[in-house]
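*Asks:* Structure here, sequence nowhere to be found:
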């Protein structure tokens, strides 16, 4: 039987599992990482792993959520520091999302090596639904700020969140877009989107934004 741990031991072991998982998933990938790899690095028996997580996929997903939460916080801080809603502020916000996603080692590993689809198939549906709700909750202050300024006021806020998610996910398809054309393509796409969003506001209230 797996060893029983007190609360302090559980906390310490979970932190070790998170650290071991982050290192292994970033370097080896999800499929090549075994539960044995994780428990050896954490100093526990293999059977004890299941006292903390149902599978290595759930551990990986928890780490991904932590990485995404950090990215969301950075994005929200950046837009909070720029009160004006202009084409440039919208463009910078989207480009920051692209940059943070594409620079994150774990997220890059999961998507560029095609392991994210594998992970999704292994996870309970309710976990994925919760992630989508968390994204919506985190993005709502941004959407509210845009709509208060007259941008996309006739669009459901949830659709704006979905649009942003779809745009940012393009950062994980660099190979398909093409290594050489990726950066100018993304910059052009974001520029056109920001221009269009501001133009819709300009048409409605008769003003012109730069």
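*Replies:* Right, received. Where do you want to start? Because the structure is a prediction, the values reported are computed rather than measured.
*Asks:* And whichever strand or helix holds residue 127, what's buried?
*Replies:* Using DSSP states H and E, residue 127 maps to helix 125-148. Neighbour counts over helix 125-148 (16 or more other C-beta atoms under 10 Å) mark 135-136, 138-139, 142-143, 146-147 as buried. Placement of C-beta: from N, CA and C, glycine included.
*Asks:* Also stretch 74-83?
*Replies:* With burial defined by 16+ other C-beta under 10 Å, the residues of stretch 74-83 counted as buried are 75, 79.
*Asks:* re earlier: identify, from the buried residues of helix 125-148, the entry nearest to residue 35.
*Replies:* Of all those, residue 35 sits closest to residue 135, with 28.9 Å by C-beta to C-beta.
*Asks:* In contact with that closest one: list those residues for me.
*Replies:* Taking C-beta atoms under 8 Å, 6 or more residues apart in numbering, we find residue 135 in contact with 68, 72, 161, 165.
*Asks:* Now, of these, which are buried?
*Replies:* Buried among the contacts of residue 135 (16+ other C-beta under 10 Å): 68, 72, 161.
*Asks:* can you pull the contacts of the first one?
*Replies:* Same thing as residue 68. 107, 131, 135.
*Asks:* from what I can see residue 170 touches residue 186, true?
*Replies:* Yes. In this structure, residue 170 is within contact of residue 186 by C-beta atoms under 8 Å, at 6.8 Å.
*Asks:* which neighbours do these two share?
*Replies:* Listed as contacting both residue 170 and residue 186 by C-beta under 8 Å, 6+ apart are 98, 177.
*Asks:* Where does the residue nearest the centre of the chain sit, in terms of helix or strand?
*Replies:* Computing the C-alpha centroid of the chain and ranking residues by C-alpha atoms, centre = their mean puts residue 68 first, at 3.8 Å. Here residue 68, judged by DSSP H and E, is contained in helix 56-80.
*Asks:* contacts for stretch 82-98?
*Replies:* With C-beta under 8 Å, 6+ apart as the criterion, stretch 82-98 contacts 71, 74-75, 78-79, 142, 145-146, 149, 151, 164, 167-168, 170-171, 186-187, 190-191, 193-195, 197-198, 209-210.
*Asks:* What subset of the residues you listed is buried?
*Replies:* By 16+ other C-beta under 10 Å, the contacts of stretch 82-98 give 71, 75, 79, 142, 146, 149, 151, 164, 167-168, 170-171, 186, 190-191, 193-194, 197-198, 209 as buried.
*Asks:* residue contacts, residue 39?
*Replies:* Applying C-beta under 8 Å, 6+ apart, the residues contacting residue 39 are 45-46, 48-49.
*Asks:* Look up how far residue 33 lies from it.
*Replies:* To residue 33, residue 39 is 11 Å away according to C-beta to C-beta, to the nearest Å.
*Asks:* what's the answer for residue 23, then?
*Replies:* 9 Å.
*Asks:* Also residue 144?
*Replies:* 40 Å.
*Asks:* before we move on, what about residue 7?
*Replies:* 27 Å.
*Asks:* Repeat that for residue 162.
*Replies:* Distance from residue 162 to residue 33, by C-beta to C-beta: 31 Å.
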